[in-house]
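Visitor: Model the following, please.
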Amino acid sequence: MTEVNRCVVVRDGTIELENRPDPMPASGEALVDINRVGLSHLDAAIGQGRVPFNGVPGQEIVGRVRQVEAASEEWLDSRVVVDPLLSCGSCQWCGAGLRSHCRERRIMGRDGADGGLSQRLVVPIESLVKIPDHVDNDSAVFAVPVARAIQAARQARIEGQTYVTIVGDNALAMLTAQVLVRLNASVRVLGEHVELLERCERWGIRHRHREEAGLRGDQDIVVECTGDPASVAATLGFVRPRGTIIQMIAPQVMGAGGTSLDLQRLVDSEVRLLGSSFGPVREGLNHIATDQVDVVSLVGVRRRLEDVPSVLVDPQLATGRKVLVSP
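Guide: The predicted structure is shown next:
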């Protein structure tokens with residue numbers, strides 16, 4: 001008898017639990033029992049209608065392999081992190097080692113593929129990263145955002161820059177701060193949540209409340225980690241002429257009320273604006289396994305699948321510490 005796979009499904013702006021038939025893996029795929037899913041800024045944007053999506057959300061996925069074909073038996077019963085970026089492996093960008101720019105790229109929980117907010121999920125075996133025995137599930141679920149922080153560090157030269165500012169104090173910003181400060185001790189974080197700014201104090205990372213930071217136009221590099229239009233606009237006041245802004249979360253440039261983001265300063269000051277997307281999940285997991293980043297301090301509330309529909313619409317979801325979901 002076919003098992004039922006309980007999922008959180010977004011459909012035309014409605015979020016609800018749905019029972020689906022258990023997925024069956026094809027050749028080259030694995031059936032994974034989901035253990036943890038970390039809710040991200042993207043899940044919040046989907047839940048609150050800021051990003052259109054129909055399907056199962058959830059990109060930060062940890063599970064255990066339940067079923068694979070005989071040729072891949074070494075994966076059976078392995079604890080794994082799932083890399084949410086799916087690529088073809090054969091186009092010019094994949095051939096150049098730039099799989100994140102694959103012509104047929106799909107992203108679990110965002111573009112063309114279901115994510116992990118379910119009991120079970122079928123994924124390509126090549127998307128699996130084994131978790132070391134000493135790393136628990138709560139820690140491993142941070143591998144994807146840590147990988148994004150590593151990617152951001154590679155977008156511009158951080159070493160030797162006098163002034164580096166990270167805007168935001170969500171989990172992504174806190175992880176990015178930890179990665180960047182290993183390259184440059186001058187990194188500072190601008191945020192609003194006292195509890196998370198206190199974490200910076202423990203880590204030896206400079207920090208200030210965002211409202212206390214002057215718009216002096218003197219920062220060499222500004223890393224924006226919220227996607228909030230007001231914060232994005234503020235980065236143009238922080239960055240120096242010919243400085244660099246690294247945008248980690250895509251903002252809504254045009255709001256519902258017709259307000260727009262004025263990029264005149266970006267043009268006049270010849271500021272470089274760089275996007276930063278998905279990074280190397282295996283390296284992200286290694287950073288966690290070797291204690292290069294503190295993720296335990298960023299674990300927030302724990303929820304079950306049945307709680308997710310109400311959690312996703314919470315405006316505070318993408319602020320503060322990480323919400324972890326267990327099926």
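Visitor: The stretch 51-200 of the chain: strands as residue ranges?
Guide: 60-68, 79-82, 85-86, 106-108, 112-113, 120-124, 128-130, 164-167, 187-191 (DSSP state E, counting those that start in this stretch).
Visitor: Just give the strands next to the longest one in its sheet, each with its orientation.
Guide: Based on DSSP bridges, the pairing partners of strand 60-68 within the sheet are strand 29-38 (antiparallel), strand 79-82 (antiparallel).
Visitor: That strand vs strand 120-124, what angle?
Guide: Strand 60-68 and strand 120-124 meet at an angle of 80 degrees, taking axes from the mean of the first three to the mean of the last three CA atoms, to 10 degrees as the criterion.
Visitor: mind saving the C-alpha coords of strand 60-68 as CSV?
Guide: Output of strand 60-68 as CSV, limited to C-alpha atoms (Å, rounded to 0.1, in the frame of the first residue of the first chain):
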residue,chain,number,x,y,z
GLU,A,60,17.4,24.2,3.8
ILE,A,61,16.9,20.5,4.0
VAL,A,62,18.4,17.7,6.1
GLY,A,63,17.3,14.1,5.9
ARG,A,64,18.2,10.4,5.8
VAL,A,65,18.3,8.4,2.5
ARG,A,66,15.6,5.7,2.6
GLN,A,67,15.8,4.3,-1.0
VAL,A,68,18.2,4.3,-3.9
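Visitor: How about that strand, which residues are buried there?
Guide: Buried positions in strand 60-68, judged by neighbour count with 16 or more other CB atoms under 10 Å: 60, 61, 62, 63, 65, 67, 68. For glycine as for every other residue, the C-beta is placed from the backbone atoms N, C-alpha and C.
Visitor: these two touch, right, residue 150 and residue 288?
Guide: No. Taking contact to mean CB atoms under 8 Å, the distance of 11.3 Å between residue 150 and residue 288 leaves them out of contact.
Visitor: for the stretch 151-300 of the chain, which spans come out with low pLDDT?
Guide: 252-261 (pLDDT under 70).
Visitor: at 90 instead, please
Guide: Within the stretch 151-300 of the chain, the stretches with pLDDT under 90 are 192-199, 210-215, 227-234, 250-266, 268, 300.
Visitor: And the helices in it?
Guide: For the stretch 151-300 of the chain, the helices defined by DSSP state H, counting those that start in this stretch cover 171-181, 194-203, 229-238, 264-268, 281-289.
Visitor: Check which helices and strands the first one sits against.
Guide: Packing partners of helix 171-181 (3 or more CB pairs under 8 Å, 6 or more residues apart in numbering; DSSP states H and E): helix 143-153, strand 164-167, strand 187-191, helix 194-203, strand 219-224.
Visitor: got the angle between it and helix 194-203?
Guide: 20 degrees.
Visitor: Also the last one?
Guide: Orientation note: helix 281-289 sits at an angle of 80 degrees relative to helix 194-203 (the same axes, to 10 degrees).
Visitor: Touching helix 281-289 from outside, list them.
Guide: 81, 83, 129, 131-132, 134-135, 139-140, 142-150, 179, 292-293, 295 (CB atoms under 8 Å, 6 or more residues apart in numbering).
Visitor: on that earlier part again, of the helices and strands packed on helix 171-181, which is nearest residue 9?
Guide: helix 143-153 (21.3 Å; CB to CB).
Visitor: in the closest one, what's buried?
Guide: 143, 144, 145, 146, 147, 148, 149, 150, 151, 152, 153.
Visitor: Next one: the residue found closest to residue 206 once you drop the neighbours it is linked to in the chain from residue 37, what distance?
Guide: Distances taken as CB to CB, 6 or more residues apart in numbering place residue 188 nearest to residue 206, at 3.9 Å, with adjacent residues excluded. Distance of residue 188 to residue 37, given as CB to CB, to the nearest Å: 31 Å.
Visitor: Perfect, I'm done here.
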